[in-house]
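Participant: just a sequence and a predicted model for now, questions to come.
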Amino acid sequence: MKEAAAAHEDSLERRMKTLGLFGGPAAALFIYLIHPGGHADEGRCLLAILSLAIVYWVTEAIPLPATALLASALCVILGVAPAKTVLAPYADPVIFVFVGSFLLAEAFKKFGLDRRVAGALLGRGRFARSPLGRMIGVGSASAIVSTCLSNTATAALMTPIAIGAVSGEVHERGRRTPPWVSGVVLMVAYGASVGGMATLIGTPPNLLVAGFLERLTGVHVGFVDWLLFGAPIAFVLLVASTLWTHLVLGRGAGATDVSRVAPASDVQEDVVSTQRSFHVGARFTTAAFGLAACLWTLPSFAAGLWGSSSAVTRTLERHLPEAGVAILCAALLFIAPIDWRARRFALTWEEGRQVNWGIILLFGGGLSLGTLAESTGIAKWVGEGLRGLGLAQSEAGLLVCAVALTILVSEFASNTAAAALLVPMVIATAQAAGLDPVRPALGVGLAATCGFIFPVSTPPNAIVFGTGLVPLGRMIRAGILLDLTALVVVPAGLIILTPLLPR
């Protein structure tokens, strides 16, 4: 049965990719011929290229980074803008925040620090052996690890740990997975997604929003600025995801179920057993993370003591930008010796090459298309269209509409692609209506991570669905409730927590 379902799913995916492969150029040609908006040649070509990119991103007809590169190449060849203008966003400072954080995360994984954090958070004692305790432990571990690692890497790490936490029940009742077991495994995906919302480096849409705000509005959202609103919103959504998952899937666990749950100490011991030698590299990696956190927060700390306009604060902001700090701390790992005689260092370039460079290209391409949409007037045109529909009569109304639209789009498209397409549009809408664009843009960034309903919504959902322990119906029931919660929590959290952001 499972094999037949998997074959059907693969067949459906192939058909979707084939449809997108030919549908993308057809959509671009159609948009070019009907010429909506009557734009100049540059805007007309860009609108056609955007149509092609949207179809390819939604259907994943070709790899997402390849779509970004294709769109950038077409922009140059078709004369939308000169090559320097089109390709400049690929070297935007926010790109290097990504590069540095990815390299730090690679070292984090290399020395097993992610598994140690996850194992420690599974807990011990009677409560930790209960289904609710397991959900809290797995969800919290995923969320904390996801603040530093990508949500995909976090889900890949935490899924076998979560399966180990319910291994007794899985092995004994292999024919039908109890609902609470699905809930525990599902919390891997939810924790990985909402945890990435907490920090600026937690997930690609966060950095994408920061880059667009800097480029299009001149507003700088730093590491601490994001933490002040991102962490509380992520915490509330983590609590909500635990409660909804327990309500929907955890009530069927009886006393016999609890007695079969593997003790957390056993799971933790299994995790730690592979890391008996706490290598000096782990200490260097921890120190690098600590140094990055200190340097990222130092300008904000100085602003709190001496004011944002003080000479000390301005000097620190000038010399300690997020990009410079990320690159510095990552580069230090390449010269931190863990075996001097063998000339072995905490991080090697062979390991550095394992970084997901594709997401960086996707990020740069999205930033490039968004910037071009602004410069050619496409974003303003779309913004005025949205305003004409009555969606931007107030800042709160625009924020709620932006969050709702982003959640809907993110259920069917990559979260990074959704943010890349919608952030410049929302900023233009706000500016056309004379509203502050910061909150709506931040709402898009946070909501882009809130795809909880379908396996295709986010990689963490796909990973836990692939275990066979989370039936589609259970994922949909819990995901709908969490999506509706995010629709309330994200706008409310931004309205309450962002008045002190720099303008």
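Facilitator: Cool, the structure landed.
Participant: every contact and neighbour count from this point should use C-alpha atoms.
Facilitator: Noted.
Participant: could you chop the chain up by domain?
Facilitator: Here the chain is described, according to automatic domain parsing, as comprising the domains 1-80, 97-110+279-358.
Participant: make JSON lines from those domains and add mean neighbour count, mean pLDDT and distance to residue 417 to it.
Facilitator: Shown next, in JSON lines, are the domains of the chain (neighbours: other CA atoms under 10 Å; pLDDT from 0 to 100; distance: least, CA to CA, whole Å):
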{"stretch": "domain 1-80", "mean neighbour count": "18", "mean pLDDT": "85", "distance to residue 417": "7"}
{"stretch": "domain 97-110+279-358", "mean neighbour count": "18", "mean pLDDT": "83", "distance to residue 417": "13"}
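Participant: just put the ones you listed in CSV and tack on distance to residue 130.
Facilitator: Below are the domains of the chain laid out as CSV (distance: least, CA to CA, whole Å):
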stretch, distance to residue 130
domain 1-80, 29
domain 97-110+279-358, 29
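Participant: tell me which of the ones you listed lies nearest to residue 229.
Facilitator: domain 97-110+279-358 (14.5 Å; CA to CA).
Participant: check the offset of the closest one from the chain's centre.
Facilitator: How far domain 97-110+279-358 lies from its chain's middle: 20 Å, per CA atoms, centre = their mean, to the nearest Å.
Participant: now do the same end-to-end measure for that domain.
Facilitator: Across domain 97-110+279-358, the terminal residues are separated by 15 Å (CA to CA, to the nearest Å).
Participant: mind giving me the packing neighbours of the host helix or strand of residue 192?
Facilitator: Assessed by DSSP states H and E, residue 192 sits inside helix 179-195. With contacts defined as 3 or more CA pairs under 8 Å, 6 or more residues apart in numbering; DSSP states H and E, helix 179-195 has these neighbours: helix 131-146, helix 151-165, helix 223-249, helix 459-465, helix 472-497.
Participant: need the mean per-residue confidence for it.
Facilitator: Across helix 179-195, pLDDT averages out at 89.
Participant: try stretch 365-372
Facilitator: Rounded mean pLDDT across stretch 365-372 is 83.
Participant: over to stretch 401-418?
Facilitator: For stretch 401-418, mean pLDDT is 79.
Participant: if I look at the residue nearest the centre of the chain, how far off is residue 239?
Facilitator: Geometric centre of the chain, nearest residue: residue 203, 3.0 Å, by CA atoms, centre = their mean. Distance, residue 203 to residue 239, using CA to CA: 20 Å.
Participant: following element in sequence after the helix or strand where residue 53 lies, please.
Facilitator: For residue 53, the host element (DSSP H and E) is helix 41-59. Going down the chain from helix 41-59, the next helix or strand is helix 64-77, by DSSP H and E.
Participant: contacting residues around stretch 235-248?
Facilitator: Residues from elsewhere that reach stretch 235-248, judged by CA atoms under 8 Å, 6 or more residues apart in numbering: 132, 135-136, 139-140, 143, 180, 183, 187, 190-191, 194-195, 477-478, 481-482, 485-486, 489.
Participant: also stretch 61-76?
Facilitator: Stretch 61-76 has contacts (CA under 8 Å, 6+ apart) with 16-21, 45-46, 49-50, 52-53, 56-57, 81-83, 86-87, 358-359, 361-362, 364-366, 368-369.
Participant: show me where pLDDT drops low in the stretch 151-300 of the chain?
Facilitator: 153, 164-165, 167-176, 251-278 (pLDDT under 70).
Participant: in helices, which of the contacts of stretch 61-76 appear?
Facilitator: Cross-referencing the contacts of stretch 61-76 against helices under DSSP state H gives 16-21, 45-46, 49-50, 52-53, 56-57, 83, 86-87, 358-359, 361-362, 364-366, 368-369.
Participant: what sits closest to the residue nearest to the centre of the chain if chain neighbours are left out?
Facilitator: Once flanking residues are discounted, residue 203 sits nearest to residue 196: 5.1 Å by CA to CA, 6 or more residues apart in numbering.
Participant: hang on, isn't that neighbour packed against residue 155?
Facilitator: No: taking CA atoms under 8 Å as the definition, residue 196 is not a contact partner of residue 155, at 11.5 Å.
Participant: okay, now residue 191: neighbour count?
Facilitator: 34 (other CA atoms under 10 Å).
Participant: and it, how far is that from residue 317?
Facilitator: 32 Å.
Participant: what's the answer for residue 293, then?
Facilitator: As for residue 293, its distance to residue 317 is 14 Å (criterion: CA to CA).
Participant: ditto for residue 141
Facilitator: In terms of CA to CA, residue 141 sits 32 Å off from residue 317.
Participant: contacts for the helix or strand residue 409 falls within, please.
Facilitator: Here residue 409 sits within helix 395-410, counting by DSSP H and E. Outside helix 395-410, the residues within contact range by CA under 8 Å, 6+ apart are 391-392, 418-419, 422, 426, 430, 435-436, 439-440, 443-444, 447-451, 457-458, 483, 487, 490-491, 495.
Participant: from these, which land in strands?
Facilitator: Taking DSSP state E, every one of those sits outside strands.
Participant: mind checking which of the residues you listed are buried?
Facilitator: Taking 16 or more other CA atoms under 10 Å as the criterion, what is buried in the contacts of helix 395-410 is 391-392, 418-419, 422, 426, 430, 435-436, 439-440, 443-444, 447-451, 457-458, 483, 487, 490-491, 495.
Participant: looking at the chain, which residue ends up farthest from its center?
Facilitator: residue 341 (40.1 Å).
Participant: three-state assignment of it?
Facilitator: Look at residue 341: counting by DSSP: H, G, I helix; E, B strand; the rest coil, its state is coil.
Participant: how near is residue 287 to residue 281?
Facilitator: From residue 287 to residue 281 the distance is 10 Å (CA to CA).
Participant: meant to ask about residue 297
Facilitator: Computed as CA to CA, the residue 297 to residue 281 distance reads 24 Å.
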